[in-house]
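Novice: Got a sequence here, can you model it:
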Amino acid sequence: MNAAARRRVLEYVRPLAVGLDGMTNYGDVERMISAAEAVANGAADVDHDLLFLLAVFSGQEKWVSRMGHRSRTELFLASLGVRRETVRALFRGLGRFESTPVGPEEEAVHDALRLETLGAYGVARGLADAYRERLDILEIADALEAAAKAPLRTENGRRLAAPRRERMLEFARALRAEHAEFSRAAKDRGLR
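Specialist: Okay, here's the model as predicted:
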C-alpha cells in the first residue's frame, strides 16, 4: 500500500477509534502503528501492509466482526488494491492477538498491544480502568503487577518492555507500601 492508501485506511478507522469503547482515541491508533513497527524492526519476512492493517484495526475486532462491517471493510480494502490474501490474514489475525498470534506481523502487534499496558503509560491507563471498575488500591496494585508480568513474544518487544516493566513494578511496590503505612497506623490506633 502506498502512503495515500494508508491515509485512506486511517480515515476509515478514525470514527471507529474515537471513543467507540469510551477510552480509545485516534492517537492510540497512530501509537499502535509506531509501536508495531518498532517491535517488527529487523524481523525477517514481515509483510508491512499486513503489519500496518493489523496495527490499525487492533482494538476494532468487535466492530469489524459485526454483520455487514466485515464485508464493508473487505470491499473498502479491495478498492485500495489490498491483496485478498492480506485481507484474509487481517481478519484471521484480529482475534488471535491475546492468545495465539501467528507469524511475525501478529506477534509484533501482540507485543505492541502489551507495550501500551506497560510503564508510565500503562499505569495511567490502568488507573483509568481501575477507576471505571471501582477497584481499591490493593486491587490496582495487583492489576499493575499482572500487566507488568504479561509475556511478550518477540525479542524487540521484551527489550522495549524491560524498562517499562520495572517502572510499573516499582509503582505497584510504592503503592502497596504507602497503602500499608497508614493502614498499619490506623490499625495501631484501633481505628480498624
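Novice: what's in contact with stretch 108-118?
Specialist: 28, 31-32, 35-40, 43, 46, 51, 54-55, 58, 93, 97-98, 101, 122, 125-126, 147-148, 150, 152-154, 156-158, 160-161, 164-165, 168 (C-beta atoms under 8 Å, 6 or more residues apart in numbering). All C-beta atoms are positioned from the backbone trio N, CA, C, and that covers glycine.
Novice: What average pLDDT does that stretch get?
Specialist: The predicted model assigns stretch 108-118 a mean pLDDT of 94.
Novice: tell me the domain boundaries of the protein?
Specialist: Residue ranges for the domains of the chain, per automatic domain parsing: 3-100, 119-188.
Novice: Any chance of a markdown table for the ones you listed, columns distance to residue 108 and mean neighbour count?
Specialist: Output for these, formatted as a markdown table (distance: least, C-beta to C-beta, whole Å; neighbours: other C-beta atoms under 10 Å):
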| stretch | distance to residue 108 | mean neighbour count |
| --- | --- | --- |
| domain 3-100 | 4 | 16 |
| domain 119-188 | 6 | 15 |
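Novice: secondary structure class for the spatially most central residue of the chain?
Specialist: Geometric centre of the chain, nearest residue: residue 113, 2.6 Å, by C-alpha atoms, centre = their mean. Here residue 113 is helix, with the state taken from DSSP: H, G, I helix; E, B strand; the rest coil.
Novice: Same check on residue 117?
Specialist: Applying three-state DSSP: residue 117 is coil.
Novice: what packs against the helix or strand of the chain with the lowest mean pLDDT?
Specialist: For the chain, the helix or strand with the lowest mean confidence is helix 61-65, at a mean of 75 (criterion: mean pLDDT, DSSP states H and E). When contacts are defined as 3 or more C-beta pairs under 8 Å, 6 or more residues apart in numbering; DSSP states H and E, helix 61-65 packs onto helix 69-79, helix 84-94.
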